[in-house]
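K.L.:
I'd like to go over a predicted model; first the sequence, then the structure.
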Amino acid sequence: MLQVHQLRKDYGAETVLIHINFVLNDGEHVGLVGPNGAGKSTLLRCIVGQEQPDGGTITFSPRDAVIGYLAQSFYSQLSATVGEVLDNAQALFVSAEAELQRCTEALTATEDLASALSAYERALAAFDALGGYEREHRAAAVLEGLGLGAIARDTSVAALSGGQKTRLGLATLLLREPDLLILDEPTNHLDIAALEWLESFVRDYPRAVLVVAHDRAFLDRTVSRILALDSATHTLESYVGNYSDYTAARARERAVQVAAYKEQQEYIGQVQGDIARMKGRSVRLENVKTPANNPDMKWVLGGSQTVAGKLARMAKARERKLERYLASDERVEKPQERWGLKLDFGDPPPGGRAVLSVEALRFDYRAREEFRSQNSEFRSTAVAPEPRTENQRINDEVSSPVSSSAVSYVAQCGRLLIDGLSFEVWHGERVALLGPNGTGKSTLLKLIAGELTPLSGRIRLGANIRVGLLGQEHELLNARRTVLETVLRERAIDGTAARNFLHFFLFSGDAVFRSVGACSLGERSRLQLAVLVLRGCNLLLLDEPLNHLDIGAREHFEAALQAYEGTVIVVSHDRAFVESFAERRIGFEG
């Protein structure tokens, strides 16, 4: 199906990929893994022809194989409707279906029945060759599985959320049923139900699949081979099995390498010790002098000097042998400790035991815009925090009435995105917001952070609570600023200190002078974490924080969050993360 031979890709003087060789067979499902910046997305773009490699070959068999590619950041035709995008993805099928319908109608409206019947049979054969009515059922299952079944066909793509756009792109790709399905981070923006459906679809897909994913469970359940890109050597290694098999194999490889290196160092130390002893003995023998009152000892001195010369020659010969070994391919290199994300949220500033109170909260984007256009007195009902005692419940402090005009308008709106939500959060709690996409989880975080205004209800923050919002769309970042400028604007530190700090987030060398807009999505996620650390918050609002982080960075992030002593409210569809981290869950229904 696909053969990549000696592929090389450079960006100026920087080599990104070199000596890349692999074969992907028809029907094989392969996962591509590696740290952020290792070149995974670059390799995929080279395969689909969006970028030209600087060396090597990429061959498809057959040459006209249909390739389906979903990039990390997918944005479809914003001016089109959902129905138009879906029909374009199945253009041949839609055309065949329309022709069959035309021929069916012609059977009852023509006098030349034989010709009409012949045309109908040809149209039916073409329709069946493309999947026929079974394809319609599969298309409906794809849309339903990805949570798009309830979206009207005349909905503008521009009106969809970022997650819905990504899922629409995935749906159009799956509807094409390509010979080779290439997916770059397909699990981002998927809720748990859609993720489980996609797992099943990819696992059962009869054709070839090449997928980049940082969801460990997804890789375990969908692939039978792992291609691992090394960010240090820019090369690729192949491992049979799923992701867990790959990590076990890497662990065994490292254990063997560590043992071999240790044995080698012991041998080198022993040889160097022997050489030093021979040299020392040679020097001592060279320095032996004949006593002045005993000329008969000259023969002894001559023998000692002979031995000293022999020892010196032996030492030199062993030195040369050791040097040749150290310069040869037989030498075992020291196992490298890969520089990983060093994340520490630090000690949060002191705050009250009562952190957050949400009371009878109502919000809807459509209702908000309509209400604003009809009511010039529209204003926030959020209340600024007031001094209070440590043990006093926040609910007891809510006394201001909800705007009567807001209540009246809400009653006219029918079902709202968030309708009458109430809950409290206390110091140190780990709360997960769970539910399908589009049920208001991200919106709630923005309401708590003060980025949106509720229609009615109250949001109260506790005493001395400092909120930090980590948005899944990297809202904390300005694309025009450099990485270094972003950090310097957050805290008054000198450039050296800022660069040292960024090094903990894997930004080194000239990478700190790169604009945020030029950074990969994974790099932006790490930079957004750096900004959050600098802000020193005691209430973290995290919206899909694992999106775009590679597996190593995810593990460091999870460890840092476990050590954090503040309060956390998180939206995440990573099942393993939620299971291990969340102490409390708040469910949102579609």
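P.N.:
Yep, that arrived.
K.L.:
Backbone dihedrals for the closest residue to P349 other than its chain neighbours, please?
P.N.:
Leaving aside its sequence neighbours, P349 sits nearest to N538 (CB to CB, 6 or more residues apart in numbering; 5.4 Å). Using the backbone N, CA and C atoms, a C-beta is placed for each residue, glycine as well. With angles defined as degrees, to the nearest 10, N538 sits at phi -110, psi 0.
K.L.:
If I look at N538, what pLDDT would I see?
P.N.:
N538 is assigned 89 on the pLDDT scale.
K.L.:
residue ranges with poor pLDDT in the protein?
P.N.:
By pLDDT under 70, the low-scoring segments of the chain are 72-78, 133, 135-136, 161-163, 288-305, 337-343, 367-415, 476, 590.
K.L.:
what domains does the record give for it?
P.N.:
1-66+178-232, 77-175, 254-326, 354-587 (automatic domain parsing).
K.L.:
Now distance to V240 too, for these, in TSV please.
P.N.:
Output for these, formatted as TSV (distance: least, CB to CB, whole Å):
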stretch	distance to V240
domain 1-66+178-232	6
domain 77-175	27
domain 254-326	17
domain 354-587	19
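K.L.:
will you turn those into TSV that also has mean neighbour count?
P.N.:
Output for the domains of the chain, formatted as TSV (neighbours: other CB atoms under 10 Å):
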stretch	mean neighbour count
domain 1-66+178-232	18
domain 77-175	16
domain 254-326	13
domain 354-587	17
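K.L.:
Of all the ones you listed, which one is nearest D245?
P.N.:
Among the domains of the chain, domain 1-66+178-232 comes nearest to D245, with 7.6 Å by CB to CB.
K.L.:
Can you tell me the SS state at L549?
P.N.:
coil (DSSP: H, G, I helix; E, B strand; the rest coil).
K.L.:
residue contacts, C103?
P.N.:
For C103, the contact set (CB atoms under 8 Å, 6 or more residues apart in numbering) comprises A116, A119, Y120, R122, A123, L124.
K.L.:
And it, how far from S115?
P.N.:
Separation of C103 from S115 (CB to CB, to the nearest Å): 10 Å.
K.L.:
what does R481 give?
P.N.:
For R481, the distance to S115 (CB to CB) stands at 69 Å.
K.L.:
Then A141?
P.N.:
Separation of A141 from S115 (CB to CB): 37 Å.
K.L.:
pull the longest helix from the protein.
P.N.:
With secondary structure taken from DSSP state H, the chain has its longest helix at helix 243-286.
K.L.:
Tell me which other helices or strands that helix touches.
P.N.:
Counting contacts by 3 or more CB pairs under 8 Å, 6 or more residues apart in numbering; DSSP states H and E, helix 243-286 is packed against strand 29-33, helix 216-222, strand 225-229, strand 236-240, helix 298-326.
K.L.:
As CSV, these with distance to I47 would be great.
P.N.:
What follows is these, written out as CSV (distance: least, CB to CB, whole Å):
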stretch, distance to I47
strand 29-33, 10
helix 216-222, 19
strand 225-229, 12
strand 236-240, 13
helix 298-326, 40
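K.L.:
thinking again about what came up before, mind checking how far the longest helix of the chain is from the chain centre?
P.N.:
Chain-centre distance of helix 243-286: 38 Å, with CA atoms, centre = their mean, to the nearest Å.
K.L.:
orientation of that helix relative to strand 225-229 in degrees?
P.N.:
Orientation of helix 243-286 against strand 225-229 (axes from the mean of the first three to the mean of the last three CA atoms, to 10 degrees) gives an angle of 50 degrees.
K.L.:
what angle sits between helix 243-286 and strand 236-240?
P.N.:
For helix 243-286 against strand 236-240, the angle by the same axes, to 10 degrees is 120 degrees.
K.L.:
picking that back up, looking at the domains of the chain, which is closest to G346?
P.N.:
Across the domains of the chain, G346 has its closest neighbour in domain 354-587 (6.8 Å, CB to CB).
K.L.:
What is the end-to-end distance of the closest one?
P.N.:
Taking CA to CA, to the nearest Å, domain 354-587 runs 21 Å from one end to the other.
K.L.:
ditto for stretch 502-519
P.N.:
Using CA to CA, the two ends of stretch 502-519 sit 14 Å apart.
K.L.:
now swap in stretch 557-573 and tell me
P.N.:
By CA to CA, the extent of stretch 557-573 from end to end equals 15 Å.
K.L.:
need the contact list for A96.
P.N.:
A96 neighbours (CB under 8 Å, 6+ apart): A123, A126, F127, L130.
K.L.:
Over to T59?
P.N.:
Going by CB under 8 Å, 6+ apart, T59 touches L2, Q3, V4, H5.
K.L.:
who are the neighbours in contact with the first one?
P.N.:
Counting by CB under 8 Å, 6+ apart, L2 makes contact with V23, L24, I47, I58, T59, F60, S61, L180, A208, L210.
K.L.:
Show me the residues you listed that map onto helices.
P.N.:
Short answer: these in helices (DSSP H) are I47.
K.L.:
so can I have TSV of the contacts of L2 showing distance to T187?
P.N.:
Output for the contacts of L2, formatted as TSV (distance: CB to CB, whole Å):
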residue	distance to T187
V23	26
L24	20
I47	20
I58	26
T59	29
F60	26
S61	29
L180	19
A208	19
L210	15
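K.L.:
Just the CA trace of stretch 470-485, in CSV.
P.N.:
C-alpha atoms of stretch 470-485 as CSV (Å, rounded to 0.1, in the frame of the first residue of the first chain):
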residue,chain,number,x,y,z
LEU,A,470,-6.4,26.9,30.5
GLY,A,471,-8.5,26.9,27.3
GLN,A,472,-8.4,24.2,24.7
GLU,A,473,-8.1,26.8,21.9
HIS,A,474,-4.9,28.4,23.5
GLU,A,475,-6.8,31.5,24.5
LEU,A,476,-4.0,32.6,26.8
LEU,A,477,-1.6,33.2,23.9
ASN,A,478,-1.1,35.9,21.4
ALA,A,479,0.0,34.4,18.0
ARG,A,480,2.0,37.5,17.1
ARG,A,481,4.3,37.5,20.1
THR,A,482,7.4,35.3,20.5
VAL,A,483,7.6,32.5,23.0
LEU,A,484,10.1,34.6,25.1
GLU,A,485,7.9,37.7,24.9
